[in-house]
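[1] with the sequence up front, the predicted model follows.
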Amino acid sequence: MDTLSSTLHKNFWLEGIEYASQPALNQALHCDFLVIGGGLSGLSTALHLKKMQPAARVALLEAGKIGDRNSGLNSGQCGTRIGPPIEKQIKSLGKEMAANIYRYSQKAMQYAASLIEAQGIQCNLQTSNQWQVALTEKDARILEDRALLYQSLGFDIPLIGQREVKKSFPDSSTILNAIEFPAYMLNPYKLCLGLKEAVLNAGVYLYENTKVVSHKQKQGIKLTANGHRLYYQHAILTVNSRITQLYEHTASVLPIAVFAAVTRPLSHKEKQRIGWSKEQGLFDARPHFNFLRLTHDDRILIGGEYRYANSGHIEAPQQQDCLDRLQHQLIYFFPSLQQIRFEYQWHGIVGCTLDEWPVIGPLKSSSTCWYIGAWNGHGVAASLIAGREVAQGIISDGLMPRFPWHRSSVMGLGHPALVRITLPYYLEWLRIRSRLTQHQKIKDSRYLKK
Ligand SMILES: Cc1cc2nc3c(=O)[nH]c(=O)nc-3n(C[C@H](O)[C@H](O)[C@H](O)COP(=O)(O)OP(=O)(O)OC[C@H]3O[C@@H](n4cnc5c(N)ncnc54)[C@H](O)[C@@H]3O)c2cc1C
């Protein structure tokens, strides 16, 4: 493998793409709508605000360059997942609400595709599928039940039995069965750049390398960037896990680092051995799951490994440990790829909540400031539609958007100190559970015999 220092933070999607950034803010800013954070949530919110109110002054401020963070470095699977697994949703919210939420997530996926088409964004959008796969007997039974639950709600999420799994992945004896969801595959970085262009064409004032800082005051919050004061009617904070650095949702939106790595291109022979001709996205059913996809040039992208990233930084040895684990996981999925090495590896820090639902709505400390985020690692489709709905809600005098799962505040761990102490242990426990199930002997061979 390449040396650690040369390959960390090398986002595969960036390769071969160069673009100039917009100037940083260098004076006080006055606007009607201030959008903070230029990921998918922020780009979509700014675009829709400007389209809905063309005369309004809309400004979008991004701490780095557009596409540098999660929105430009994810695995590009635009799927239907919002919130926890379906059985948990049914248990806590009932069947009707769970069905509404799934229907809404289908709508979000379709909306993402229609937005990309309407804006003429060239981001290699392809209709595909996502297979959630079971690697253990227990998970295989969970997926059987899950398929039945979706059917009982009226959705066709087929169960893929061992025979078909074997046909699709002849090399992998670890995948026992799967359930199939609809999905699009895309290049996330190109999507961000396409939206950046759309935002600029619409007339949004975009400032890159402009980090917003919050100053708590008795009468609310005061925002500055690059030392300049920001004046606005409404602010929309789409900063994902960085919301805690702005002193909001400090013990409820949890910053979790997620790692990804990409192999060299597979040879024709290697590709034939592993199969994967449908090129669907994969993610497994363990608590500490991996996600995988093929790239346009026959590389494998594998992601996973979740670490608490309170300071916004993960130390180099820990990064190396996570990447080594990804290498093992890749071989676990595809034993014939023993010798294959990663050429790109990077990580992003996503916002998560304990109950896995996102958070959208006005901040407790200021009703003119909204937060959109905490996508729990599934935000590609959901963040785009959320931008539109929030823009609509704010323009209609602060009406709450009608998300079936809507909530604007979230139960957390009470105090940031408690998060710092308990969360690493919780994640380690999930990791151990996933490892135990991975090594669990397959006692009942009914899946393998089919
Ligand atoms: C490795 C990895 C793989 C993933 N794979 C998938 C996938 O396949 N499918 C899927 O649906 N989801 C996936 N996700 C999750 C997905 O990327 C996110 O849910 C989505 O990008 C969230 O978009 P966002 O705009 O809300 O947040 P972000 O993309 O995190 O954007 C927030 C932006 O705010 C900026 N910002 C932060 N603080 C400030 C500040 N103070 N001032 C100004 N700007 C600031 C940041 O620089 C950043 O650009 C993955 C995530 C990772 C890390």
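    Cool, got the structure.
[2] interface residues of the stretch 101-250 of the chain facing the ligand?
    Lys211, Val212, Thr238, Val239, Asn240, Arg242 (Cβ under 6 Å from any ligand atom). Heads up, the C-betas are built off the backbone N, CA and C, glycines and all.
[3] now do the contacts for the fourth one.
    When contacts are counted by Cβ atoms under 8 Å, 6 or more residues apart in numbering, Val239 touches Ile36, Gly37, Ala63, Val212, Gln245, Leu246, Gly373.
[4] check the last one too.
    Contacts were defined as Cβ under 8 Å, 6+ apart; by that measure Arg242 touches Gly37, Ala63, Pro255, Gly312.
[5] same list, these, but only the ones touching the ligand.
    Gly37, Ala63.
[6] who wins for neighbours among the contacts of Arg242?
    Neighbour counts for those (other Cβ atoms under 10 Å) peak at Gly37, which has 27 neighbours.
[7] tell me who's in contact with it.
    Contacts of Gly37 by Cβ under 8 Å, 6+ apart are Leu61, Glu62, Ala63, Leu237, Thr238, Val239, Asn240, Arg242.
[8] excluding its backbone neighbours, what's nearest the second one?
    Closest residue to Glu62 in three dimensions, ignoring its sequence neighbours and counting by Cβ to Cβ, 6 or more residues apart in numbering: Gly38, at 3.2 Å.
[9] just say helix, strand or coil for the one you found.
    coil (DSSP: H, G, I helix; E, B strand; the rest coil).
[10] isn't it up against Lys196?
    Yes - with contact defined as Cβ atoms under 8 Å, Gly38 counts as touching Lys196 (7.4 Å).
[11] for stretch 305-317, buried residues please.
    By 16 or more other Cβ atoms under 10 Å, the buried positions in stretch 305-317 come out as Glu305, Tyr306, Arg307, Tyr308, Ala309, Asn310, Ile314.
[12] same check, this time on stretch 387-394
    Result for stretch 387-394 [16+ other Cβ under 10 Å]: buried residues Gly387, Arg388, Glu389, Val390, Ala391, Gly393, Ile394.
[13] for the record, mean pLDDT for that stretch?
    Here stretch 387-394 scores 94 as its mean pLDDT.
[14] is it positioned near the ligand?
    No - under the criterion of Cβ under 6 Å from any ligand atom, stretch 387-394 makes no contact with the ligand; the nearest approach is 8.5 Å.
[15] need the strands for the stretch 201-350 of the chain, in chain order.
    For the stretch 201-350 of the chain, strands defined by DSSP state E, counting those that start in this stretch occupy the ranges 205-207, 212-217, 220-225, 228-237, 254-263, 281-284, 291-294, 300-308, 342-352.
[16] would you format these as a markdown table with distance to Gly161 and mean pLDDT included?
    Shown next, in a markdown table, are these (distance: least, Cβ to Cβ, whole Å; pLDDT from 0 to 100):
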| stretch | distance to Gly161 | mean pLDDT |
| --- | --- | --- |
| strand 205-207 | 50 | 98 |
| strand 212-217 | 51 | 88 |
| strand 220-225 | 55 | 88 |
| strand 228-237 | 46 | 97 |
| strand 254-263 | 28 | 95 |
| strand 281-284 | 16 | 97 |
| strand 291-294 | 20 | 98 |
| strand 300-308 | 24 | 95 |
| strand 342-352 | 32 | 95 |
